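Engineer: Attaching a predicted model along with its sequence, questions to come.
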Amino acid sequence: TRTPVNVTVTGAAGQIGYALLFRIASGHLLGADVPVRLRLLEIPQAVKAAEGTAMELDDCAFPLLTGIDIFDDAAKAFEGTNVALLVGARPRTKGMERGDLLEANGGIFKPQGEAINAGAADDIKVLVVGNPANTNALIAQSHAPDVPAERFTAMTRLDHNRALAQLSKKAGVSVADIKKMTIWGNHSATQYPDIFHAEIAGKNAAETVNDQAWLENDFIPTVAKRGAAIIEARGASSAASAASAAIDHVHTWVNGTAEGTWTSMAVVSDGSYGVPEGLISSFPVTTKDGKWEIVQGLEINDFSRGRIDASVQELSEERDAVRKLGLI
Ligand code: NDP
């Protein structure tokens, strides 16, 4: 039998955590033949709620789940971790300035980066979900100097999946018929979902749809503001779809992208497509054998260039702000 993979989830008692843990334990994160051991991190006030979720996980009798440990100490929670899902974050509350938000999250992601550096397994892979995800990932990564920078990623897979859903409705096709969707930049309202390289049943998606007004006034804002629309409709923020995207992100990273397509992940830039080196920005990536690569050689038209630059500019500003605060 295989040795269990240690998966650490932070913010385990939150909404996303509740939707995420059961899918990890049932084999959707890593595969139906991979046993997992869960390590849950919570703040002290939420440990009891995490214990309740752990009781429910026990009651599912998942054959792949070999154990659950709960911690309120990051140093312990990341010991021996192979996959870390950093979901817990400080949400923006009324009257909070962006600097306050970045600072509060620095207080969370700096010690977590240090703990990963000190104790995680050699093959550690990190996905940051908690917002502002790209910059939180940058903070954690900068405090884990012994871990290769490419192991720290942030989630834009939900944006990617939302873009697939919108395009499939517009074109009247199944999401399975769409390949090579791309999200560029920051997981924020400035993100750029790009269909100029996407394909619908093998044909260029932008040409197939051929509707620039829809692209600019409908598709892009709908994808970028979907989170707010869900809060408005549901009275609570998206949680199951965010958890599902986190599952997809890690599953694709570990198991590889299919031939002839790619996915979107926020990863450390090597300067590709004019994105300053070191920023954690979303790109089209392929994955194989547990490693990602940025898709090279795509032609970027003027419309896309402007959108990518605007989102990357926001990431640069966030980096400058956390630098000023001494967080990186
Ligand atoms: P959720 O589980 O709903 O969300 C957690 C984080 O994911 C938030 O930062 C949220 O950002 C982010 N997120 C990213 N994408 C999405 C998306 N598409 N939809 C919704 N959220 C998204 O938050 P809860 O408040 O229910 O739970 C958070 C938990 O984290 C609490 O139990 C808290 O105790 C814990 N926590 C743990 C820490 C730790 O382990 N050290 C530190 C801080 C908190 P946004 O706010 O922008 O929606």
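Structural biologist: Nice, thanks for sending it over.

Engineer: Could you use CA atoms for every contact and neighbour count after this?
Structural biologist: Noted.

Engineer: Relative to residue 259, how far out is residue 203?
Structural biologist: 16 Å (Cα to Cα, to the nearest Å).

Engineer: out of the two, which sits in the more crowded spot?
Structural biologist: residue 203 (13 against 7; other Cα atoms under 10 Å).

Engineer: quick one, what contacts residue 175?
Structural biologist: 164, 165, 167, 168 (Cα atoms under 8 Å, 6 or more residues apart in numbering).

Engineer: One more pass at 6 Å, please.
Structural biologist: By Cα atoms under 6 Å, 6 or more residues apart in numbering, the residues touching residue 175 are 164, 168.

Engineer: now the residue in the stretch 201-328 of the chain that the ligand sits nearest to, what's its secondary structure?
Structural biologist: Nearest residue of the stretch 201-328 of the chain to the ligand: residue 238, at 4.1 Å (Cα to the nearest ligand atom). Three-state call for residue 238 (DSSP: H, G, I helix; E, B strand; the rest coil): coil.

Engineer: And the pLDDT for it?
Structural biologist: pLDDT recorded at residue 238 is 94.

Engineer: Quickly note the distance from it to residue 18.
Structural biologist: Counting by Cα to Cα - residue 238 and residue 18 are separated by 12 Å.

Engineer: Return the residues in contact with residue 39.
Structural biologist: Here residue 39 is in contact with 8, 68, 69, 70, 77 (Cα under 6 Å, 6+ apart).

Engineer: Quick check: the farthest pair among the residues you listed?
Structural biologist: 68 and 77 (11.1 Å; Cα to Cα).

Engineer: Which residue of those two possesses the greater neighbour count?
Structural biologist: Higher neighbour count among residue 68 and residue 77: residue 77, with 27 against 19, using other Cα under 10 Å.

Engineer: just the residues of the chain that are near the ligand, which are they?
Structural biologist: 10-17, 41-43, 46, 87-91, 108, 129-131, 227, 237-239, 242 (Cα under 6 Å from any ligand atom).

Engineer: at 5 Å what do you get?
Structural biologist: Residues of the chain lying near the ligand by Cα under 5 Å from any ligand atom: 10-11, 13-16, 41-42, 87-89, 91, 129-131, 237-238, 242.

Engineer: Which ones among those map onto strands?
Structural biologist: Residues from these lying in strands, with DSSP state E as the criterion: 10, 41.

Engineer: So among the residues of the chain next to the ligand, which ones count as buried?
Structural biologist: Neighbour-count burial (16 or more other Cα atoms under 10 Å) is assigned, among those, to 10-11, 13-16, 41-42, 87-89, 129-131, 237-238, 242.

Engineer: Show the residue spans covered by the strands in the stretch 51-200 of the chain.
Structural biologist: 65-71, 83-86, 125-128, 152-154, 178-179, 182-184, 192-194, 199-200 (DSSP state E, counting those that start in this stretch).

Engineer: Adding mean pLDDT and distance to residue 309, write the ones you listed out as TSV.
Structural biologist: Putting the strands of the stretch 51-200 of the chain into TSV (pLDDT from 0 to 100; distance: least, Cα to Cα, whole Å) gives the following:
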stretch	mean pLDDT	distance to residue 309
strand 65-71	98	41
strand 83-86	98	27
strand 125-128	98	23
strand 152-154	99	19
strand 178-179	98	24
strand 182-184	98	9
strand 192-194	98	10
strand 199-200	98	23
